[in-house]
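In: Make a model of this:
(chains A and B)
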2 protein chains.
Amino acid sequence: MSELETKTPEAANNEAQNQNESASEGQIGLESTVVASVITALEASDEEAVRELVEPLHYSDAADLVEQLNVEQRRQLIEQAHDALDPEFLVEIDETVRDEIIEHIGIENVANAVSNLDTDDAVNVIGELEEEDQQQVLESISVADRAIIEKSLSYPEYSAGRLMQREVMTVPQFWTVGETIDFMRQIAEQDDWAVPDLYYEIVVVDPKHCPVGRVPLSTLLSAKRPVKITDIMSSEIKLISATMDQEEVAHLFRQRDLVSASVVDDEGRLVGMITIDDVVDVIDEEAEEDIMRMGGVREDDFYSAAIDTTRARFSWLFINLGTAIAASLVIGLFQASIEQIVALAVLMPIVASMGGNAGTQTLTVVVRALATKEITPANAMRQVGKEFMVGAINGVLFAVLMGVVAWLWFDVPMLGVVIAMAMVVNLVVAGLAGASIPMALEKVGVDPAIASSVFLTTVTDVIGFLVFLGLGTWLLI
Amino acid sequence: MSELETKTPEAANNEAQNQNESASEGQIGLESTVVASVITALEASDEEAVRELVEPLHYSDAADLVEQLNVEQRRQLIEQAHDALDPEFLVEIDETVRDEIIEHIGIENVANAVSNLDTDDAVNVIGELEEEDQQQVLESISVADRAIIEKSLSYPEYSAGRLMQREVMTVPQFWTVGETIDFMRQIAEQDDWAVPDLYYEIVVVDPKHCPVGRVPLSTLLSAKRPVKITDIMSSEIKLISATMDQEEVAHLFRQRDLVSASVVDDEGRLVGMITIDDVVDVIDEEAEEDIMRMGGVREDDFYSAAIDTTRARFSWLFINLGTAIAASLVIGLFQASIEQIVALAVLMPIVASMGGNAGTQTLTVVVRALATKEITPANAMRQVGKEFMVGAINGVLFAVLMGVVAWLWFDVPMLGVVIAMAMVVNLVVAGLAGASIPMALEKVGVDPAIASSVFLTTVTDVIGFLVFLGLGTWLLI
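Out: You can find the predicted model right below:
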């Protein structure tokens, strides 16, 4: 369990120093000159220079560097200097790139790198591997480490159990502040204890290892040695079930401004701890996912090869083709009208486009409010009502504006009336659809971020063309 | 300085207990039954019941409750029970709602509430007030508190100086671990020291009050009493300038997995500390902003009145009307062709719509990559090249698909050829425009999230109509 689980305070301290190495330069993250130098050294096949350049890099910067190289440069760097990189760079790197690297360095080297990581980071890396590779990596690390990692892997993906670290500082209820501090000093000297590198609170546990309280380190340090730990602990603690979804975990941390929280199994026994830095990653991922999905991208494909990106985006465009054809079928119903008054064809995209944009505004606000749990049964109908109002007011404003433009453009006053009426109808429909589609999808368990906009544009296109061309046929012909 | 800056460990402990009060129920956040009960009590004008319901709420839940009420209920709740709410709810609440509340409770009560907050939270609330109200609140709080808050307010909005708390635990370089712990115990008993409630590290400062190192509390607790503080501190620390933009601060915290960091003035002297919980709020805000802007919403208007929302969204729709008219002008050029072959009018929205969607996919990935600083001079051109490829491959696939559909639909093989050619051109243009527009905007200092999509849809609409109708005129007439 040694290497994986414990570090002496000196080691932790050295690590902290490495982390801050580039501080004196006053520069955040990776400098572009370093990237350029590495590329030059790689092109010159100067292995020595490459190693010298990458060795001092913080793991986050090393990850950024590898990401910024192209496929060929990446392969060279990994072959020449993968052992000069802090193994933790594997945790920070984009998953697509990580898969590529793991293929190059081989499973033995992965196992080697993984055994130098904290349990939560190790689980993160191993969890992404193929079944077969997982087994191979697990077999090549120590038995004790393996048991810990296998236990974590047994929790579902995206659950608290996967996010937590197994290392927790715990003390029994009957101890004093003095005994606790002495214990902390003592285990820091040993090598075979399950102690985290860095922690912010102590968990007080009962004889069954169920958490009964927590003591922030700053509270521990303000108390005198004879004080009983139960007198300074806060006994009402937020416990996280190991199977809780990571999105819920992030919500809880935000809601309660937590820095760390205990994770328990079904019997209420402490199995690990989640710290805020892991939650920050979850928050980033969730925001990323929402942004990507609303843009019609299944997941971030920035580092994917062109062919994978093409395939991933095809399905979304295919669905969109269906809705576009549906809208064209509506136009097809009015071919005779268009032949008589070609101005209808010229103006029809304006009504559809305005509906689509107004609907997207509403959709964005509502999808985001659903994601942050701001929409509740108490205010859902109020929100739909508000969007109806907004659509109606903007509808009237743009109706007047566009009505005048159409009238002046084609010198047919009735054409202005037709487009004005269509504009009001479509903007009201857009507001109602933009608010109610995501709520309905959420209700039936479909992610509103991914499916809402297809439904919305179908509605605003079909209604836009139908109302405009329908009114045009009725009033102008 | 007392109330604002220091809390005894007991007070801090009680606070921690309150935070965790609802833990036993195993429920995250506010229960909907509580909201319903509060509404019932408000309707019955049962002030007693309202107070009883809101008193035990965590400040985050209190904020959620207030947000979920409608304007009338909100006014009633504030009038009847604002002093029963934890004043910290003002920090958590949506800004639009906060303005509404402050109007109701009056400036004296705001001043009262603010003086019970941490400096960073107080600055947050006061910073959002109008100039005049700021003065009134500042005048009604103690001189010492006022000086601290005025100092923080002197830093620009969205800077590290606004984000930081002034309370930092500092020790001189020549102390030992034992002296440090004794000092921490001693000041916890006093009431007139600038000590944070909860902290994760100690900052070691030189005689000029410049930080020279940091000691995480867990490292301090693992060391023996006679050890010198300089022997366990990490001396390479990331210092944040008080004027650094909050987005940069968030980037640094993420990049270095920090939990807290020292903030220094121009002379390098310690002026405060930023902790990760404040950074989490920034990360949320930045993601929110990107999502909203890409959806054509200037800022989150979920809690705004319908009229304010209408006004805010109007300007975006107005710009969009301009681009829609531009696209219609292009169609207008081909009126004669459409009169002859009305199928062109039926099919033309398909080409434009597919271009818009494909372009939005690319745009989303690139805007996000710019926001997370993943695009650099080293990989920008590679990305544009990749999007060209993706556009070309998907363009050919959809060209074949749509070509066949158009041919079968109108029984004119050449119409299939025309739409196929237009599809390839528009999807390639969409890929190139989707990648290069945000990069160009970033280069000239315009936020790519807000302006990219207008430019993109203008390009894909104009090119889509122009190529399809142009080819149709040339090949079919």
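In: domains of chain A?
Out: A:2-154, A:170-294, A:306-476 (automatic domain parsing).
In: Comparing the ones you listed, which comes out most buried?
Out: domain A:306-476 (a mean of 21; mean count of other CB atoms under 10 Å in any protein chain shown). (Each C-beta comes from the backbone N, C-alpha and C, glycine too.)
In: From the contact counts, what lies against the helix or strand containing A:Val390?
Out: A:Val390 belongs to helix A:380-410 when assigned by DSSP states H and E. When contacts are defined as 3 or more CB pairs under 8 Å, 6 or more residues apart in numbering or on different chains; DSSP states H and E, helix A:380-410 packs onto helix A:343-371, helix A:413-443, helix B:306-332.
In: So the shortest one, near chain A or not?
Out: Yes. If you take CB under 8 Å from any CB of the partner chain as the test, helix B:306-332 does meet chain A, through B:306-307, B:309-310, B:313-314, B:316-317, B:320-321, B:323-325, B:327-328, B:331-332.
In: For A:Ile126, give its distance to A:Asp281.
Out: 17 Å (CB to CB, to the nearest Å).
In: Oh, that last question was meant for A:Met169, not what I typed.
Out: Taken as CB to CB, the span from A:Met169 to A:Asp281 is 22 Å.
In: Quick check: which element contains A:Pro56?
Out: Per DSSP H and E, there is no helix or strand for A:Pro56.
In: Repeat that for the one 4 residues further on.
Out: If you go by DSSP H and E, A:Ser60 is part of helix A:59-68.
In: wait, A:Ala420 sits on A:Leu397?
Out: No. Using CB atoms under 8 Å, A:Ala420 is not in contact with A:Leu397, being 10.5 Å away.
In: wait, is A:Ser262 part of a strand?
Out: Yes. Under DSSP: H, G, I helix; E, B strand; the rest coil, A:Ser262 falls within a strand.
In: Including mean pLDDT, could the helices and strands packed on helix A:380-410 go into CSV?
Out: Formatted as CSV, the helices and strands packed on helix A:380-410 follow (pLDDT from 0 to 100):
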stretch, mean pLDDT
helix A:343-371, 93
helix A:413-443, 96
helix B:306-332, 92
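In: Nearest to B:Glu157, out of these?
Out: Proximity to B:Glu157, assessed across the helices and strands packed on helix A:380-410 by CB to CB, is greatest for helix B:306-332 (19.6 Å).
In: residues making contact with whichever helix or strand comes after that closest one?
Out: Toward the C-terminus, helix B:306-332 is succeeded by helix B:335-340 as the next helix or strand (DSSP H and E). With CB atoms under 8 Å, 6 or more residues apart in numbering or on different chains as the test, helix B:335-340 has contacts from A:338-339, A:342-343, A:345-346, B:331, B:344-345, B:469, B:472-473, B:476-477.
In: Could I get the CA-only coordinates of helix B:335-340 as PDB?
Out: C-alpha atoms of helix B:335-340 as PDB (Å, rounded to 0.1, in the frame of the first residue of the first chain):
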ATOM      1  CA  GLN B 335     -36.600  36.100 -58.300                       C
ATOM      2  CA  ALA B 336     -36.700  35.300 -62.000                       C
ATOM      3  CA  SER B 337     -35.200  31.900 -61.600                       C
ATOM      4  CA  ILE B 338     -37.600  31.000 -58.700                       C
ATOM      5  CA  GLU B 339     -40.600  32.100 -60.800                       C
ATOM      6  CA  GLN B 340     -39.500  29.600 -63.500                       C
END
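In: Show the average pLDDT along that helix.
Out: On average, the pLDDT along helix B:335-340 is 94.
In: Any idea how far that helix is from the middle of the chain?
Out: 50 Å (CA atoms, centre = their mean, to the nearest Å).
In: likewise stretch A:171-184?
Out: That offset, for stretch A:171-184, works out to 39 Å (CA atoms, centre = their mean).
In: next one: stretch A:87-97
Out: Its chain's C-alpha centre and that of stretch A:87-97 lie 15 Å apart, by CA atoms, centre = their mean.
In: Would you mind pulling the contact partners of stretch A:112-121?
Out: The contact list for stretch A:112-121, computed with CB under 8 Å, 6+ apart, reads A:3-5, A:87-88, A:90-91, A:122, A:125-126, A:137, A:140-142, A:145, A:148-149, A:152, A:163-167, A:196-197, A:278.
In: related to what we said a few turns ago, I'd like the helices and strands packed on helix A:380-410 written out as JSON lines, with distance to B:Glu55 added.
Out: As requested, the helices and strands packed on helix A:380-410 are exported to JSON lines (distance: least, CB to CB, whole Å):
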{"stretch": "helix A:343-371", "distance to B:Glu55": "28"}
{"stretch": "helix A:413-443", "distance to B:Glu55": "32"}
{"stretch": "helix B:306-332", "distance to B:Glu55": "32"}
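In: and B:Gly359, which of these is closest to it?
Out: The nearest among those, by CB to CB, is helix B:306-332 at 13.1 Å.
In: What helix or strand is A:Val271 located in?
Out: Assigned by DSSP H and E, A:Val271 falls in strand A:270-275.
In: tell me which strands and helices that strand is in contact with?
Out: Short answer (3+ CB pairs under 8 Å, 6+ apart): strand A:270-275 packs on helix A:160-163, strand A:201-205, strand A:260-264.
In: quick one, the very next helix or strand once past that strand and helix B:276-294 angle?
Out: Going down the chain from strand A:270-275, the next helix or strand is helix A:276-294, by DSSP H and E. Relative orientation of helix A:276-294 and helix B:276-294, computed by axes from the mean of the first three to the mean of the last three CA atoms, to 10 degrees: 10 degrees.
In: Dump the helix or strand where A:Ile181 lies to CSV, keeping only the CA atoms.
Out: Here A:Ile181 sits within helix A:177-189, counting by DSSP H and E. Extracted in CSV, the C-alpha atoms of helix A:177-189 (Å, rounded to 0.1, in the frame of the first residue of the first chain):
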residue,chain,number,x,y,z
VAL,A,177,-7.0,17.3,20.6
GLY,A,178,-3.6,16.5,22.0
GLU,A,179,-3.9,12.8,21.2
THR,A,180,-5.0,13.6,17.7
ILE,A,181,-2.1,15.9,17.0
ASP,A,182,0.4,13.4,18.4
PHE,A,183,-1.2,10.7,16.2
MET,A,184,-0.9,12.9,13.2
ARG,A,185,2.8,13.6,13.9
GLN,A,186,3.5,9.9,14.5
ILE,A,187,1.9,8.5,11.3
ALA,A,188,3.6,11.2,9.3
GLU,A,189,6.9,9.4,10.1
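In: Measure how far that helix is from the centre of its chain, please.
Out: Distance, centroid of helix A:177-189 to centroid of chain: 38 Å (CA atoms, centre = their mean).
In: contacts for it?
Out: For helix A:177-189, the external contacting residues (CB under 8 Å, 6+ apart) are A:8-9, A:169, A:171, A:175, A:193, A:195, A:202, A:220, A:223-229, A:232, B:181, B:218, B:221-224.
In: Among those residues, name the ones in strands.
Out: A:171, A:202 (DSSP state E).
In: which residues touch A:Tyr158?
Out: With CB under 8 Å, 6+ apart, A:Tyr158 has these contacts: A:245-247.
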